[in-house]
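Engineer: here is my input; please provide its structure:
(one chain, ligands or ions: 2)
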Amino acid sequence: MGDQPLVGVNGASGRMGQRVAVLVYQDPDLKLGAALESESSPALGKDVGEVAGIGPVGLNITSELTDRVDVIIDFSLPAGLVKIAGVCAERQIPLVAATTGLTPEQRNEVLTASQTTPLILAPNMSVAVNLMMKLVREAAHSLKNTPSGVDVEIIERHHRFKEDAPSGTALHFGEIIADEMGQTEHVHGREGRPGPRPVCEIGYHALRTGDNVGEHTIVFGMMGETIDLTVRGHTRDSYVYGALMAAKYLTTQKAGLYTMADVLGLN
Ligand SMILES: NC(=O)C1=CN([C@@H]2O[C@H](COP(=O)(O)OP(=O)(O)OC[C@H]3O[C@@H](n4cnc5c(N)ncnc54)[C@H](OP(=O)(O)O)[C@@H]3O)[C@@H](O)[C@H]2O)C=CC1
Ligand SMILES: O=C(O)C1=N[C@H](C(=O)O)C[C@H](O)C1
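Structural biologist: Numbering: from 1, shown residues only. Ligands and ions are numbered 1, 2, ... in the order given. Next comes the predicted model:
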């Protein structure tokens, strides 16, 4: 006891941040070291365990990182991630960055941190989703020369509170598929009379309903048959377990950019 990595949680009072705080607290190989929120958060000054529903754990939520931590896990908003990435870069604190919906400029700013500290920037931390990324790459590779052409559509479902669309995960699935199959157009929904579907498109469809924690279906549609590959989260903890694995992994690495495939041994 006593030498476990100290974990900072950015976005600590959010839906994901609360679960990260709880599962870090319950993990015998990790210790909660900081709980961070925005400067205007009503949760500032409150015990993070109280906020997360497990009773006091002796750590209050703050807006600035004052204590030493060995790694930070971020599930916040793009501005929150950019800010904490700057802090991590300066203090050489490993960073697990899970926030989605970044602009290309914000993404580049975050990636800069990997010059001085270990970084993972991944739209999905779940084991199942990362394995599915590997399976989808293989499917796309195998189907790319199908004579009749293959129409790829990506359907994602998330809770009504989600702010970005389509999900970062859906966009990443699209990048993987385009990398293998060569599609050049990314189309978000359809209406009116778009005409016959060109094979160079990937279509994205973002459903927002109730409390869905995340589902992705990749449709490979051909003449005469269809393959649907689906991965479904049951609870947000599926993402948190992956994030904790990533945090432990990064504490043993030197500065650089790593992936969930590195963490999970999927390469
Ligand atoms: N990579 C992955 O596996 C996953 C990624 N995500 C992504 O994680 C992000 C968070 O999701 P979710 O928890 O549902 O969202 P929430 O809105 O519930 O939580 C975000 C939290 O971040 C806080 N925040 C806002 N600004 C800052 C800041 N400057 N510094 C620190 N904290 C800040 C918010 O506070 P306030 O409400 O006061 O603004 C809020 O408490 C999203 O981008 C989502 O897409 C989600 C699940 C899995
Ligand atoms: O906001 C969410 O909830 C999720 N966001 C991530 C994304 O945008 O891909 C990952 C997961 O699907 C849950």
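Engineer: what's the distance between the one residue in the stretch 1-150 of the chain that gets nearest to ligand 1 and Ala97?
Structural biologist: Residue of the stretch 1-150 of the chain nearest ligand 1, by Cβ to the nearest ligand atom: Gly14 (2.0 Å). (Each C-beta comes from the backbone N, C-alpha and C, glycine too.) Separation of Gly14 from Ala97 (Cβ to Cβ, to the nearest Å) stands at 14 Å.
Engineer: quick one: secondary structure of Ile155?
Structural biologist: Three-state assignment for Ile155 (DSSP: H, G, I helix; E, B strand; the rest coil): strand.
Engineer: wait, it sits on Thr217?
Structural biologist: Yes. Assessed by Cβ atoms under 8 Å, Ile155 is found in contact with Thr217 at 4.5 Å.
Engineer: which stretches of this structure form helices?
Structural biologist: Remark: helices assigned in the chain by DSSP state H are 15-26, 48-52, 78-91, 104-112, 127-143, 168-181, 237-250, 260-264.
Engineer: got the contact list for the residue of the stretch 1-150 of the chain closest to ligand 1?
Structural biologist: Phe75, Ser76 (Cβ atoms under 8 Å, 6 or more residues apart in numbering).
Engineer: hang on, the earlier thing: generate JSON lines for the helices of the chain, with mean pLDDT and distance to Gly195 as supplementary columns.
Structural biologist: Listed next are these as JSON lines, based on pLDDT from 0 to 100; distance: least, Cβ to Cβ, whole Å:
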{"stretch": "helix 15-26", "mean pLDDT": "98", "distance to Gly195": "40"}
{"stretch": "helix 48-52", "mean pLDDT": "98", "distance to Gly195": "51"}
{"stretch": "helix 78-91", "mean pLDDT": "98", "distance to Gly195": "35"}
{"stretch": "helix 104-112", "mean pLDDT": "98", "distance to Gly195": "30"}
{"stretch": "helix 127-143", "mean pLDDT": "98", "distance to Gly195": "24"}
{"stretch": "helix 168-181", "mean pLDDT": "98", "distance to Gly195": "21"}
{"stretch": "helix 237-250", "mean pLDDT": "98", "distance to Gly195": "39"}
{"stretch": "helix 260-264", "mean pLDDT": "98", "distance to Gly195": "38"}
